[in-house]
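**Q** curious how this folds, go ahead:
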Amino acid sequence: DGFVRPALSCLDDPSDLDVTGRPTIAGQEILLGGRCELVVTHTDQIADICSPGSYRILRYWNVIDWCSGKFQIGIQGIKVEDVNAPVLNMPADVTVGTNVDNCNAHVLLPQATASDDCSGVTISASWAFGTGFGPFFNIPQGNHTVIYTATDDCGNQSSDSLLVHIEDRTVPVAVCDHSIQLGLSSGGRTEIPATTFDDGSHDNCSAVSLQVRRAGSAYGPFVAFDCDDLLVDSIEVWLQVTDAAGNTNECSSFVFLEDAIRPTMICPTDRNLDCTQDVTDLGITGQPSVSDNCGIDSLYYVDQPNLNECGVGNITRTWHVLDLRGNHSVCIQQIVLEDHT
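**A** So this is what the prediction gives:
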């Protein structure tokens, strides 16, 4: 009964007399069929403590001696106890992605199971955002601990925990400027940063980083263009958008490249020549020094003479240079013809 002798476990069978014992006379069990006819019976009165795991039994023993007609009644107290806590079977840790429109998550906690020696079990969950299994709304990013508690009908408890990891699984929104007009630099090569192609890319949880590439190349902080790119109408460029959690998205832009830089030309110095000299001989009159970022197409001059009948006077020579994209530069050289004879 928990006082004279230890109470029974709820796993024991109180109807098993080998467990609970039998009445004795002088230390000997009372058996049927002895020298005197002794009849032993018992009835149980059960009082619940916390059903079905714990209860008390008042066992009334009746012994009748048919030889003398005498009888005796004795009472045995038996207590059955459920003292062991339930065994929790926990689900695995949970990872939940954030919502598309904000950096929080909706969470429905998984159910756990439990086993107990003798009683029914109730399982509850508790964490910083409330009790129960949800759903819970607007749970922020990070790791959150949930405590699961299993309680049997007799109040025995066991607890365990799982981790709810809220992470950003949503790819950022990639927004590109679809069409971009670019010009080559004077050096014939232009490096354009990734931000040039962005038109408002964003993420639900963090700032984004940008990288850019041309077809067939790796992503980097910028893309480069040179004179060879002028041979095509447009060039597709891909923008990669990455959030703090490493999620990526991409979009593309089309670059229309142009060369708007005029060629550079340094005119030959003005000349004073004898009227007998050949003004078409560039070895005598000189010619311009020209350069261009993407190459020269043609160089020529146009003369405007102002001469008398003796070939004396001056010639205004206008030099023209065209680059491969049709950009045009001019300079003016003066040639004076004199009569030295």
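**Q** looking at Gly34 now. What's its pLDDT?
**A** Reading off the confidence values, Gly34 has pLDDT 57.
**Q** so, low pLDDT: which residues of the stretch 51-200 of the chain?
**A** Along the stretch 51-200 of the chain, no part satisfies pLDDT under 70.
**Q** what is the end-to-end distance of stretch 200-217?
**A** Taking C-alpha to C-alpha, to the nearest Å, stretch 200-217 runs 24 Å from one end to the other.
**Q** and it, how far from the chain's centre?
**A** Relative to its chain's centre, stretch 200-217 lies at 14 Å (C-alpha atoms, centre = their mean, to the nearest Å).
**Q** and the contacts of that stretch?
**A** Stretch 200-217 is touched from outside by 98-103, 141, 168, 170, 172-176, 192-195, 197-198, 219-223, 235-245, 247, 249, 251, with contacts defined as C-beta atoms under 8 Å, 6 or more residues apart in numbering. Heads up, the C-betas are built off the backbone N, CA and C, glycines and all.
**Q** do stretch 256-265 as well
**A** 179-186, 225, 227, 229-230, 233-235, 288-294, 296, 319, 321-325, 327-331.
**Q** doesn't Asn102 make contact with Phe137?
**A** No. Counting by C-beta atoms under 8 Å, Phe137 does not reach Asn102; the two are 10.7 Å apart.
**Q** going along the chain, name the strands of the stretch 101-250 of the chain.
**A** Residue ranges of the strands in the stretch 101-250 of the chain, as given by DSSP state E, counting those that start in this stretch, are 105-107, 113-115, 121-127, 130-131, 136-139, 142-152, 157-167, 179-183, 189-193, 209-214, 222-226, 235-242, 248-258.
**Q** now render the ones you listed as a markdown table, adding mean neighbour count and distance to Ile57.
**A** Below are the strands of the stretch 101-250 of the chain laid out as a markdown table (neighbours: other C-beta atoms under 10 Å; distance: least, C-beta to C-beta, whole Å):
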| stretch | mean neighbour count | distance to Ile57 |
| --- | --- | --- |
| strand 105-107 | 19 | 47 |
| strand 113-115 | 15 | 26 |
| strand 121-127 | 17 | 24 |
| strand 130-131 | 11 | 38 |
| strand 136-139 | 16 | 46 |
| strand 142-152 | 18 | 20 |
| strand 157-167 | 16 | 26 |
| strand 179-183 | 13 | 90 |
| strand 189-193 | 14 | 86 |
| strand 209-214 | 18 | 74 |
| strand 222-226 | 17 | 87 |
| strand 235-242 | 20 | 71 |
| strand 248-258 | 17 | 70 |
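**Q** looking at the ones you listed, which is nearest to Ser9?
**A** strand 142-152 (13.7 Å; C-beta to C-beta).
**Q** adjacent strands (with direction) for that closest one?
**A** strand 121-127 (antiparallel), strand 157-167 (antiparallel) (DSSP bridges).
**Q** including distance to Thr41, could these go into TSV?
**A** Output for those, formatted as TSV (distance: least, C-beta to C-beta, whole Å):
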stretch	distance to Thr41
strand 121-127	38
strand 157-167	41
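**Q** for these, which one sits closest to Cys310?
**A** With C-beta to C-beta as the criterion, Cys310 lies closest to strand 157-167 of these, at 94.4 Å.
**Q** please compute how far that closest one lies from its chain's middle.
**A** Using C-alpha atoms, centre = their mean, the offset of strand 157-167 from its chain centre is 21 Å.
**Q** CA atoms of that strand as CSV?
**A** Provided in CSV are the C-alpha atoms of strand 157-167 (Å, rounded to 0.1, in the frame of the first residue of the first chain):
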residue,chain,number,x,y,z
GLN,A,157,5.7,14.7,-17.3
SER,A,158,8.6,14.6,-19.7
SER,A,159,9.8,17.4,-22.0
ASP,A,160,12.0,17.7,-25.1
SER,A,161,12.6,20.5,-27.6
LEU,A,162,12.9,21.0,-31.3
LEU,A,163,14.3,23.9,-33.3
VAL,A,164,12.3,26.0,-35.8
HIS,A,165,14.6,27.7,-38.2
ILE,A,166,13.0,30.6,-40.2
GLU,A,167,15.1,31.4,-43.2
